[in-house]
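Chemist: Provided below are the primary sequence and the corresponding predicted coordinates.
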Amino acid sequence: MSSFRVSGRGRVDHTQPIQFTFDGKKIKGFKGDTIASALLANGIHLMGRSFKYHRPRGAVTAGSEEPNALVGTRRGPGRFEPNTRATVQEIWDGLQVNSQNRYPSLSFDIGAINDKAYMLFSAGFYYKTFMWPKSFWDKVYEPFIRAAAGLGVSPTEPDPDHYASRYLHTDVLIIGAGPAGLAAALTAARAGSQVTLVDENPEAGGSLLSEPSAVIEDVPAWDWVAKTVAELKELGVKVMTRTTAIGYYHQNMVGLCEKLTDHLASPDAETPRERMWRVRAKQVVLAQGALEKPLVFDGNDRPGVMLAGSAQTYINRYGVRVGNKAVIVTSHDSAWYAAFDLADAGTTIAAIVDTRSEPNADLIAEATKRGIRIMAGHTVTGTEGRLRVKSVRVNPVTGSTVGQAEIIGCDCLLMSGGWTPSLHLFSHTKGTLKWDDERQTFLPDHKAEECEIAGAGRGLWGIEAVLNDGAEMGAAVAKSLGKKAKAASYGVANDRSGTGVSHKELPTDLDAGKARAFVDYQNDVTAKDLRLAVREGMRSIEHVKRYTTNGMATDQGKMSNINGLNIASDALGVPQPKVGLTTFRPPYTPTTFGAFCGYHKGSHFEVTRKTPIDSWAEENGAAYEPVSLWRRAWYFPKDGEDMHAAVSRECLATRASVGIFDASTLGKIEVVGPDSVEFMNRMYTNPWTKLAPGRARYGLLLGDDGFIRDDGVIGRLADDRFHVTTTTGGAARVLNMMEDYLQTEWPDLDVWLTSTTEQWATIALNGPNARKVLEPFVEGLDMSDEAFPHMSVAECRVGGFPARLFRISFTGEVGFEVNVPAHAGRALWEMLFEAGKKYDICPYGTETMHVLRAEKGYIIVGQDTDGTVTPHDAGLSWAIGKMKPDFVGKRGLARPDLVAEGRKQLIGLLTEDGKTKLEEGAQIVLDPNQPKPMKMVGHVTSSYHSDAAGRPIAMALLEDGFNRMGETIYIPMPDRVIKATVTGTVFYDPEGERLKL
Amino acid sequence: MLLIHCPYCNQTLPELEFTYAGEAHIARPADPSSVSDEEWRDFLFIRTNVKGPHYERWRHFHGCGRYFNAVRDTVSDRFLITYKTDDPRPELSKLLEKSK
């Protein structure tokens, strides 16, 4: 093992070596290592290239806030994930890790040319550099930027993993299992509350894992963590690790993403990769701690430049020294402790550079004891080193004067700009934040949910303060649940509390305009970019953010927010609280689509509704089309037939003899009750009072705005009972609308509405021989023309099944629709099909149904209408019950716009050559020679080849169409202009002779 | 996800069971034919679009199926009250007093 691993140190298991690959090279680590800690143990800092400039980058943190060390991970076939955070992903034998955004290799990347051309990529470069000439955008700039920018590549294979989702109800949800969270959980659980404790790390402990020398109530910190977790489990607390609280939603609902298999070499195939928990908690305690800020100076992004607290985590938690010779630059006491821990582990500390002129005397004494050089009141003005930092440029600062530089050699530079409370989840709830002048950061102010914030999240510092605050908050939530709770008081030895100051970019003696001082590492945003944005007129922090993309990367500015704010505030000349923060949104850390999808993928993504006859269609080779959630038989191709041939055959067969069609998807609503006639009179345009039981009528439904909403045939079964049919897609909408009027406008009506769509299977028989096929199966009904004429309905038995039989037609042929209980649908279909064979019965699908109805000029609501079409526009004025005092839409039809001249009206179109089929949706013009843009006066709504008409036919909505009969209009297409003549919409059997038996 | 109280079921249930149904207390005129074009336009299209407490309708679609009324703050998404369709329109000042 390398010299960077300190034998016996850390929480990794030194007896369990693990081997994985990084860019194909074998790397050794220990169980418990992350990719980053294992690479660092091998002296590897260079882990990736940056988004825009392709600058070499290494891990800058040891946690989920990592902006730089994003890698591709492969866990076997199909299991590739881009942008995995190397600082989070645990290693296992055989894990394949690859660096990203580099070509041909990580150490030599030709994309790094962008770094030399950084002047081109400054704030707002999208809007400036690549403006001109316009034609270059598509061909040069965009492809260039796309190829050069970015991080990992998307996986190309389907995700073979499965994902789960669960609900959880808990009294208290505690987010973060550091000292505050553990103390809160312990207090609340001891008081008898039902507690759930979650943490994104593989184990509980939080910052205590990086502070092994602390002693809590005479117990070493790590032992205290183990003891506490054991007691929590004994108290029944649900402790969930590797579980990230990704979002905090209304009424204390928190989304948790639990990672179950990514850390395992050979996970059980039954185990989901991740599990999304939707937790509803009575009380929430946010104990998420604080995140360390970088300092902003030229070259603060070189591999080897890292947050001091993270270096402390690497040595204490993973037993890894991040370098042999370190320089510390800090504005906060905490970095001194990192220096001491590293020094004690054998790393040479070349200097501690503190921006403050008078650091804490105790710290100076400790440093002096270790022989560490202290440079108080100094700044860092640059770093050197191509793939790894090799020296730091340090200058003294007196007042506003930056003195002579000194170059100090090193192989790592550990920085700390202080700490920012992690309040992302709190912000999700619209809880407000308040600027704290002393701590130079935002702290929680008004709460919007039932929650408490504990520990470093409230700006507290030091283990003792945080533990006691956690206990207080645990007691507070338990009390609010009516429990008797008492907060324990903790004493901590070897506590390392401290203070610090907050900076904008550090002062420099060099040209600040040339400084590559990064604020947002992941989006490559520098201090200069932020100042430029302000100079160019951005005033709101939201505009500065969007113009520079500061804080818009996948880390959502966890490290960059306050530094960005400090710089913007300085550039604007207004204090930080006046500038304000941008909004944090879920998820807290990048979350897989799989976790959000859960079980809802493939055929479970959306329901596919199938009719009782669907299986027959499938066995008989139907082609399907989706119609709302239904899949419907589209046509039934015979060997070698294309759609056109099949539809043509089905149309001819139906008109010549008999066709059979599955109409089960039609919406059906049972309208029942003493006031059902009055209800129907009010809902539909048509008059219903005089419709006798046993008769059916075409019904038209409008909105109160006067526009067509739906239509369908409605049969009256009894004085107080109607069988209403709706369009396939409109069924739920129509029932909802009926319920709305019934419940809220006419509660006086005694009517019940029931959806019966799926109770009935509906088989349509159409054609001159339809009755001959059907009649032998019908019992209890005289099917003669006199007894059962067109537009009749009857309850009878068909094929031995109870049935509702309609004589109606959507084809212009003699037609019957048989409704039988759904379970009998297929059986009756097969009986009828068998019996129909002697008449060459032909099953047909929705396409033939469309052609047959179009030949007769029957509209399809939603195809020939679009929500702006009145009954008059559609040629359906005859369906209006003009004598009725009111119906839904009656007043709407009198609106000035609806009675105006020149509205678009539904007409027929015949192409002049008699051969060309128009495109549905094609636009119509009156003069094809007018200059562009032409005035469009309508569009084609339906268009088919018609064997019955012997030519293509079409319907269209055309301005003033009824007054243009016989006129020629034009349909411009990309390659030609088509001429067509305006006609009526009935193309076949205009007298309706074929409806008669 | 919101929790919504259905005044008919008298239960507080997840938002998934409910559908939104527009502004409340917009009654369809008893005799539409007698109202002016402007009045009919207002009935059809004109809504208050408030920032703050909003009188609105919901339907317990995947439950009892009833439409009911609610006052919800459009800024915080918080329900101040839900009530049956034929209950009188609650006074805002009293609701705000109660929620404090």
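Modeler: Okay, I see it. Residues are numbered from 1 along each chain as shown, chains lettered A, B, ... in the order given.

Chemist: what residues go with each domain of chain A?
Modeler: With domains defined by the TED database, chain A comprises A:1-157, A:163-290+A:421-493, A:295-416, A:513-580, A:856-983.

Chemist: any idea which of the ones you listed has the lowest pLDDT on average?
Modeler: Note on the domains of chain A: domain A:1-157 shows the lowest mean pLDDT, a mean of 87.

Chemist: ok, back up a step: what's the closest of the domains of chain A to chain B?
Modeler: domain A:856-983 (3.5 Å; C-beta to the nearest C-beta). C-beta coordinates here come from the backbone N, C-alpha and C atoms, glycine included.

Chemist: could you see whether chain B lies near that closest one?
Modeler: Yes - Domain A:856-983 lies within reach of chain B by C-beta under 8 Å from any C-beta of the partner chain, at A:885-886, A:890-892, A:894-896.

Chemist: columns mean neighbour count on top of the domains of chain A, output as a markdown table?
Modeler: Below are those laid out as a markdown table (neighbours: other C-beta atoms under 10 Å in any protein chain shown):
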| stretch | mean neighbour count |
| --- | --- |
| domain A:1-157 | 18 |
| domain A:163-290+A:421-493 | 21 |
| domain A:295-416 | 21 |
| domain A:513-580 | 22 |
| domain A:856-983 | 17 |
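
Chemist: need those domains in TSV (columns: distance to residue A:499).
Modeler: TSV is the format used below for the domains of chain A (distance: least, C-beta to C-beta, whole Å):
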stretch	distance to residue A:499
domain A:1-157	22
domain A:163-290+A:421-493	7
domain A:295-416	6
domain A:513-580	16
domain A:856-983	65
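
Chemist: the stretch 1-150 of chain A: helices as residue ranges?
Modeler: A:35-41, A:113-116, A:125-128, A:136, A:142-148 (DSSP state H, counting those that start in this stretch).

Chemist: let me fix that, I meant to ask about chain B.
Modeler: Taking DSSP state H, the helices of chain B run over residues B:37-45, B:92-99.

Chemist: could you dump the ones you listed into a markdown table with mean pLDDT and mean neighbour count added?
Modeler: Shown next, in a markdown table, are the helices of chain B (pLDDT from 0 to 100; neighbours: other C-beta atoms under 10 Å in any protein chain shown):
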| stretch | mean pLDDT | mean neighbour count |
| --- | --- | --- |
| helix B:37-45 | 97 | 14 |
| helix B:92-99 | 85 | 12 |
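
Chemist: so which of those comes closest to residue A:64?
Modeler: The closest of those to residue A:64 is helix B:92-99. By C-beta to C-beta, the value is 37.1 Å.

Chemist: list of residues touching the closest one?
Modeler: B:53, B:71, B:78, B:80-81 (C-beta atoms under 8 Å, 6 or more residues apart in numbering or on different chains).

Chemist: likewise for stretch A:8-20?
Modeler: A:7, A:26-33, A:35, A:37-38, A:91-97, A:203, A:209, A:222, A:315-320, A:345.

Chemist: give me the neighbour count for residue A:781.
Modeler: 17 (other C-beta atoms under 10 Å in any protein chain shown).

Chemist: in which helix or strand does it reside?
Modeler: Using DSSP states H and E, residue A:781 is not contained in any helix or strand.

Chemist: what is the neighbour count of the nearest residue to residue A:607 once chain neighbours are set aside?
Modeler: Distances taken as C-beta to C-beta, 6 or more residues apart in numbering or on different chains put residue A:629 closest to residue A:607, at 5.5 Å, once the chain neighbours are dropped. Neighbour count of residue A:629, defined by other C-beta under 10 Å: 14.

Chemist: which neighbouring elements make contact with the host helix or strand of residue A:940?
Modeler: Residue A:940 belongs to strand A:938-946 when assigned by DSSP H and E. Strand A:938-946 sits against helix A:643-656, helix A:846-855, strand A:904-911, strand A:923-924, strand A:951-959, with contacts defined as 3 or more C-beta pairs under 8 Å, 6 or more residues apart in numbering or on different chains; DSSP states H and E.

Chemist: strand partners of it, parallel vs antiparallel please.
Modeler: strand A:923-924 (antiparallel), strand A:951-959 (antiparallel) (DSSP bridges).

Chemist: off-centre distance for it?
Modeler: Chain-centre distance of strand A:938-946: 37 Å, with C-alpha atoms, centre = their mean, to the nearest Å.

Chemist: contacting residues around it?
Modeler: Residues contacting strand A:938-946 (C-beta under 8 Å, 6+ apart): A:644, A:648, A:651, A:850-851, A:854-855, A:860, A:863-864, A:904, A:906, A:909, A:917-924, A:951-959, A:961, A:969, A:971, A:987-988.

Chemist: surely residue A:955 meets residue A:909?
Modeler: Yes - contact criterion C-beta atoms under 8 Å: residue A:955 and residue A:909 qualify, at 7.1 Å.

Chemist: in chain B, what residue lies closest to chain A?
Modeler: Closest point on chain B to chain A, by C-beta to the nearest C-beta, is residue B:32, at 3.5 Å.

Chemist: near that residue, how many other residues are there?
Modeler: For residue B:32, using other C-beta under 10 Å, the count is 20.

Chemist: what sits against the closest residue to it other than its chain neighbours?
Modeler: Of all residues not flanking residue B:32 in the chain, residue A:891 sits nearest, at 3.5 Å (C-beta to C-beta, 6+ apart). Listed by C-beta under 8 Å, 6+ apart, the contact partners of residue A:891 are A:704, A:706, B:29, B:32-33, B:35, B:40.

Chemist: of the residues you listed, which is the most crowded?
Modeler: Result: residue A:706 is most packed of the contacts of residue A:891 (other C-beta under 10 Å), 24 neighbours.

Chemist: wait, what's in contact with that residue?
Modeler: Residue A:706 touches A:870, A:889, A:891-895, A:898, counting by C-beta under 8 Å, 6+ apart.

Chemist: how about residue 74, nearest residue that isn't a chain neighbour?
Modeler: I went with chain A, as the question did not name one. Spatial nearest neighbour of residue A:74, chain neighbours left out: residue A:96 (4.1 Å); criterion: C-beta to C-beta, 6+ apart.

Chemist: other chain: chain B
Modeler: With sequence-adjacent residues excluded and distances taken as C-beta to C-beta, 6+ apart, residue B:74 is closest to residue B:54, at 5.0 Å.

Chemist: hmm, that neighbour is touching residue B:72, no?
Modeler: Yes - at 5.6 Å, residue B:54 counts as touching residue B:72 under the criterion of C-beta under 8 Å.

Chemist: the two: who's more crowded?
Modeler: residue B:72 (21 against 18).

Chemist: what's across from the more buried one in the sheet?
Modeler: Here residue B:72 sits in beta bridges with residue B:54, residue B:79, as judged by DSSP bridges.

Chemist: where does chain B have low pLDDT?
Modeler: Chain B contains residues with pLDDT under 70 at B:100.

Chemist: around chain A, pick out the residues from it.
Modeler: Counting by C-beta under 8 Å from any C-beta, chain B sits next to chain A at B:1-3, B:21, B:27-29, B:31-33, B:35, B:37, B:40-41, B:43-44, B:57, B:59, B:61, B:65-67, B:76-78, B:85-86.
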